[in-house]
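1. got a predicted structure here, sequence first:
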Amino acid sequence: MSDVTVAQFAEVLKVPVERLLKQLEEAGIQVVSADAQLSDEAKTELLTHLRRSHGHVAEPTQAAGPRKITLQRKTQSELKVSAAQGRARTVSVEVRTKRTYINRGVLEEQARVAQEEIDKVREQEEAAQRAIEEAAQRKADEEARKRSEEDNRRRTEEESRRLIEEEARRQAEQRARDEADRSRKAVERPAPRAIEAEDKSTRYGRQELHVSSDVSSRYKKKKPQRGRRSGQQAPEGRHGFEMPTAPVKREVSIPETITVAELAQKMAVKGSEVIKSLMNMGVMATINQPLDQDTAVLVVEEMGHSAKTLRENALEEELQNAAGGHGEVTMRPPVVTIMGHVDHGKTSLLDYIRSAKIAAGEAGGITQHIGAYHVTTPRGIITFIDTPGHAAFTSMRARGAKITDIVVLVVAADDGVMPQTIEAIEHAKAAEVPMVVALNKIDKNEAEPERVKNELVKHGVIPEEYGGEVIFVPLSAKTGDGVDKLLESLLLQAEVLELKASIQGQAVGVVLEASIEKGRGAVATILVKRGTLKLGDPILAGQEYGRVRAMFDETGKAVDSAGPSIPVQVLGLTGAPLAGDEFLVVESERKAREVALYRQGKFRDVKLARNTTKIEDAFSQMEDGKTQTVQLIIKADVQGSAEALRDSLQKLSTSEVAVKVISSGVGGITESDVSLAVASKARIIAFNVRADAASRNALKEQGVAIQYYSIIYEAIDDVRAALSGLLAPEVRDQIVGLAQVRDVFSSSKFGQVAGCLVMEGHVKRNNPIRVLRDNVVIFEGALESLRRFKDDVNEVRAGTECGIAVKDYNDVRAGDQIECYERVVITRTL
Ligand code: GDP
Ligand code: MG
């Protein structure tokens, strides 16, 4: 509070200037005039004085009763006063008491005391105010430093403190006004409006006593919270405003990915606090950046809360458990994929089977390519996947959709085993799917089924007659010869495989194909694996959901149900799912929607995380210019190892080669680690952790470099080696020999020839040379000839004489030196 003049202060206090001057004098404060400045210290001193003198005065006048009203605890004093008057019944009664009996003299005395009290209260309020402000300031400073978990709580605290301050200020002013008002009125007109005056007096008295926890009933009713607080706190502000400061420990649930903002919200702290905490951990993040679960957990723990990792697929597991089709199992048709080298007849075979077995039976004969079809033979149903080749097969498998039961390997009998034949064999073997070989084009004269059979044997495809398990069927996709035999063989193979599924319950299956068609919306071909898909079923397929509005079979005919191994075209999804996505019937469309949206969110987050890295990556490349970077993703079994690795690996950075740790965390290698590695061209350092099956596939597919370690130093050595590879090799000139020119003569053959003595090392015919004169290089080039006596030689050693002709240079003089050197490439290591 700034200094004021005595007159201003008196005005504020609503006391006559003279009285204030007198009081100041009594307090021993030197004041020249009413216009003199009054410092805060002076005010405090005055207050102390008034307190002392007041106490002193109050003591002997104890018996005077009425005075006490203003000086003591209102309840007691009120009661005493009332008792003295014999009128008191309740606290509220005292109001009337005062109005009726107090005489002018007493009132005058009261008014004077009241005035002093006003001063005092005023001073106290001011002191309290200052204390509050100081405390608030201190708190604020402290807050800035403090960890953020307290932030929110403190905000609330501050808010209440602010309210309290306001309230205190308001009350002080109100009281001062009321008191002055009351005193004046009491003096001038004792009787009228005394109720009001008394009421104020009551409140005044209460306030006067600093320690009261009481409140007037009127006030209580209105604002019980504030009233209570101010009653306690206003007079002794500093103490009154203390709030419990124990940190609030929260349990924060962390999903697979969470943005910085979301995480901050969950901990009830500011985003900047989270970012700060991340920075302390060496992670630079923006407010909207998604964090992986591991990082988020660390942040949460760092900030003093406990983290609860949400099982990322809790929702999914629930779905799987609820998924139907677990009832009694019965035989189901085999699902067949046709593979083989290009032009060996895959399409022809599929077409032949389709037209022979489906179209023939259908009135219109219209067949659609919906991704799969099934044929009914006298011995059973067979389902063919309509996209031949192993690309589709593999991509399905990579997505975890194992739908093929049997592979038909088409090999043209007139051609034999070709590269894609071998690939197909490898894929089928990798997937552990049995094969049936279709030796195609046997209608051709050039067909040599036996030769082809032998070629296949060499690749591990052993026919039954050779003791193997593979059925070979010679056929012609053109004429149809042997096709029935193939179908029979497939059913035979299916029997051996004992393919079974429940036809009861909600359907579960795989999306084979999907697209958005004009006028039809999302169209998905679905292969039911178990259970039965019905019209109207709520379905979830990958990230899409919906309800089966219509179903069609491969002939375009509307159907109302589809059992195991039966492909159907389904209408009614919100969007086109991806081929290979699992689909399932769920309890309600709402549930389907919930899961689909969850998956979409997850996908978006992962995509976002990838994009972020890409941008970062580009940025670092731009920024670095010539600096080479080794990007690393570190996964370790424990946080300590991850940190140790990160630190030591980052320390390997030099101005030329930088080690950039894209991410480091705890736990096994996940698919998202792999995609991160792909996106950022990083290699993965796995310390005592391994990749799960899905990420192993991803690693293989994406060609991500991964190294497994169990000793930190080995990891460091390897990275160092990798860095050495990145260091540009240094090319140095190594002087291998020096020859002194003794004489120069002309040769008809070589022009000028220098007769030299090799002083050091050796001179080699093919090494580059420099001509030095007075130790200065005057020519750089190669040798035209190196001779010893009449012979051309390749090398002349130190201490030997020789004739040297320098190519394209004819100014060698006696006394020059010819320096012979080698370019040595030195691989640098760190
Ligand atoms: P894909 O590349 O494996 O799908 O092979 P296609 O089915 O497109 O067949 C390639 C070529 O071989 C086509 O010209 C077919 O007509 C022909 N072709 C396929 N199967 C036979 C067959 O059994 N006999 C004869 N002569 N030609 C066939
Ligand atoms: Mg084809």
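-> That came through, no problem. Ligands and ions are numbered 1, 2, ... in the order given.
2. from ligand 1, how far off is residue 706?
-> 36 Å (C-beta to the nearest ligand atom, to the nearest Å). Every C-beta, even on glycine, is put in place using the N, C-alpha and C of the backbone.
3. which residues does the residue nearest to that residue when sequence neighbours are not counted contact?
-> If you skip the residues right next to it in sequence, residue 706 has residue 684 as its closest partner in space, 4.2 Å away by C-beta to C-beta, 6 or more residues apart in numbering. By C-beta atoms under 8 Å, 6 or more residues apart in numbering, the residues touching residue 684 are 632-635, 669, 673-674, 677, 699, 704-707.
4. next one: residue 799
-> Counting by C-beta under 8 Å, 6+ apart, residue 799 has contacts 757-758.
5. tell me the confidence at it?
-> Looking at residue 799, its pLDDT stands at 91.
6. check which helix or strand whatever residue of the stretch 601-750 of the chain ends up closest to ligand 1 maps to.
-> Ligand 1 sits closest to residue 701 of the stretch 601-750 of the chain, with a gap of 24.6 Å, by C-beta to the nearest ligand atom. In this assignment (DSSP states H and E), residue 701 forms part of helix 693-702.
7. which other helices and strands contact whichever helix or strand comes after that helix?
-> Beyond helix 693-702 on the C-terminal side, the first helix or strand identified by DSSP H and E is strand 706-709. If you count contacts as 3 or more C-beta pairs under 8 Å, 6 or more residues apart in numbering; DSSP states H and E, strand 706-709 packs onto strand 683-687, helix 712-726.
8. so the shortest one versus helix 693-702, what angle?
-> By that I understand strand 683-687. In terms of direction (axes from the mean of the first three to the mean of the last three C-alpha atoms, to 10 degrees), strand 683-687 departs from helix 693-702 by 150 degrees.
9. so what pairs up with residue 335 in the strands?
-> Counting by DSSP bridges, residue 335 is bridged to residue 383.
10. oops, could you answer that again for residue 820 instead?
-> residue 737, residue 769.
11. does residue 460 belong to a helix, a strand or coil?
-> Classification of residue 460 by DSSP: H, G, I helix; E, B strand; the rest coil places it in coil.
12. which residue is the nearest non-sequential neighbour of it?
-> Excluding its sequence neighbours, the residue lying closest to residue 460 (C-beta to C-beta, 6+ apart) is residue 425, at 7.0 Å.
13. gap between the one you found and residue 16?
-> Residue 425 sits 113 Å away from residue 16 when distances are taken as C-beta to C-beta, to the nearest Å.
14. go on, residue 573?
-> 88 Å.
15. which one of those two has more residues nearby?
-> residue 573 (28 against 11; other C-beta atoms under 10 Å).
16. contact partners for that one?
-> Applying C-beta under 8 Å, 6+ apart, we find residue 573 in contact with 514, 521-522, 524, 539, 541, 544-546.
17. which one of those is nearest ligand 1?
-> Nearest member of the contacts of residue 573 to ligand 1, counting by C-beta to the nearest ligand atom, is residue 514, at 23.2 Å.
18. bridging residues for the closest one?
-> Residues in a beta bridge with residue 514, per DSSP bridges, are residue 524.
19. and it, what pLDDT?
-> 85.
20. burial of residue 789, as a residue count?
-> If you count neighbours by other C-beta under 10 Å, residue 789 ends up with 8.
21. how about the residues of the chain by ligand 1?
-> For the chain, the residues in contact with ligand 1 (C-beta under 6 Å from any ligand atom) are 340, 342-348, 388, 440-441, 443-444, 476-478.
22. give me the buried subset of those residues.
-> For the residues of the chain next to ligand 1, a burial check counting by 16 or more other C-beta atoms under 10 Å picks out 340, 344-348, 388, 440-441, 443, 476-477.
23. need the worst-confidence member of these.
-> Among those, residue 388 has the weakest pLDDT, 69.
24. what number of residues lie near the nearest residue in space to residue 422 that is not next to it in sequence?
-> Sequence neighbours aside, residue 459 is the residue nearest to residue 422 in space, at 6.1 Å (criterion: C-beta to C-beta, 6+ apart). Applying other C-beta under 10 Å, we find 13 other residues in the vicinity of residue 459.
25. what sits against residue 459?
-> 417, 421-422, 425.
26. try residue 544
-> By C-beta under 8 Å, 6+ apart, residue 544 lies in contact with 522, 573-577, 596.
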